[in-house]
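# For reference, the sequence and a predicted model appear below.
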Amino acid sequence: MEDLDNSVSLLFKEIQNYLFEQEDLEKKTIKELIYFQFNLENLTAKLKEGKALIENQLTRIKKDVLPEKMDEEGIKSINIQGIGAVRVQGDVYANIKSDKKEEAFEWLCDNGHSGLVNKSVNGNSFAALARKYHKEGEEMPEELFSITPYSKTIITKSKD
C-alpha cells in the first residue's frame, strides 16, 4: 500500500508541475490553449475512471467482503493500531417505486410522515424512516417501496 501511496503522490506532483508550467495562459497561442484544454480533459477523464475503480473496490470491501468476514468470525467491532475502531453497522437502501409515487406519498401522509412529502420525498429523510421501520421490525408496503437492508463497515479514525 505504501508503494501505491508513493505512486499517487508522485502522480499528483507531476500534475502540479505540469499545471505550474502552463500557468501563464494569456501568453499561450490559441493552438497551445486548445492542446492544453484537450490534455486536461483527457487527464480529468482518466482520473474519474481511476476514481470509479477505487470507489467500486472500496464499496465491495465496505459493504460485502469485510462485513461478511467479520460476521463469519463473530467480530462485531475491532480496534486496529494506527487506524482506529472498525464496526459493522446495519443500514438500508430505500426508494419509492417509480410507478407507485402517488400511492407511496399517500401512505406516508396517512402514517404520519407527511413532512417528508413535498411533490417529492427527501431521500435522506426517507432512508432514515426506512431504517427506523427496519430497526423496529415494522414493514413498509412492498408494492410501494423498495427497501434493501445491508451492512457496511465504519472506521472511526484513531487519534494517534
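Happy to help now that I have it. Numbers count the residues shown, from 1 in each chain.

# buried residues in the helix or strand harbouring residue 9?
Assigned by DSSP states H and E, residue 9 belongs to helix 2-21. Buried residues in helix 2-21, counted by 16 or more other Cβ atoms under 10 Å: none are found. Every C-beta, even on glycine, is put in place using the N, C-alpha and C of the backbone.

# Show me what it is in contact with.
residue 43 (Cβ atoms under 8 Å, 6 or more residues apart in numbering).

# now do stretch 53-64
So stretch 53-64 is contacted by 150-153 (Cβ under 8 Å, 6+ apart).

# Pull the distance from it to the chain's centre.
9 Å (Cα atoms, centre = their mean, to the nearest Å).

# just stretch 7-24 next, same as before
Offset of stretch 7-24 from its chain centre (Cα atoms, centre = their mean): 27 Å.

# average pLDDT for it?
For stretch 7-24, mean pLDDT is 85.

# Put the alpha carbons of that stretch into PDB.
C-alpha atoms of stretch 7-24 as PDB (Å, rounded to 0.1, in the frame of the first residue of the first chain):
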ATOM      1  CA  SER A   7       2.900   6.500  -6.800                       C
ATOM      2  CA  VAL A   8      -0.200   8.600  -6.200                       C
ATOM      3  CA  SER A   9       1.900  11.300  -4.500                       C
ATOM      4  CA  LEU A  10       4.300  11.300  -7.500                       C
ATOM      5  CA  LEU A  11       1.400  11.500  -9.900                       C
ATOM      6  CA  PHE A  12      -0.100  14.500  -8.200                       C
ATOM      7  CA  LYS A  13       3.300  16.200  -8.000                       C
ATOM      8  CA  GLU A  14       3.700  15.600 -11.800                       C
ATOM      9  CA  ILE A  15       0.200  17.100 -12.300                       C
ATOM     10  CA  GLN A  16       1.100  20.100 -10.200                       C
ATOM     11  CA  ASN A  17       4.300  20.600 -12.100                       C
ATOM     12  CA  TYR A  18       2.600  20.300 -15.400                       C
ATOM     13  CA  LEU A  19      -0.100  22.800 -14.400                       C
ATOM     14  CA  PHE A  20       2.500  25.200 -13.000                       C
ATOM     15  CA  GLU A  21       4.400  25.100 -16.300                       C
ATOM     16  CA  GLN A  22       1.100  26.100 -18.100                       C
ATOM     17  CA  GLU A  23       0.300  28.900 -15.600                       C
ATOM     18  CA  ASP A  24       0.800  31.900 -17.900                       C
END
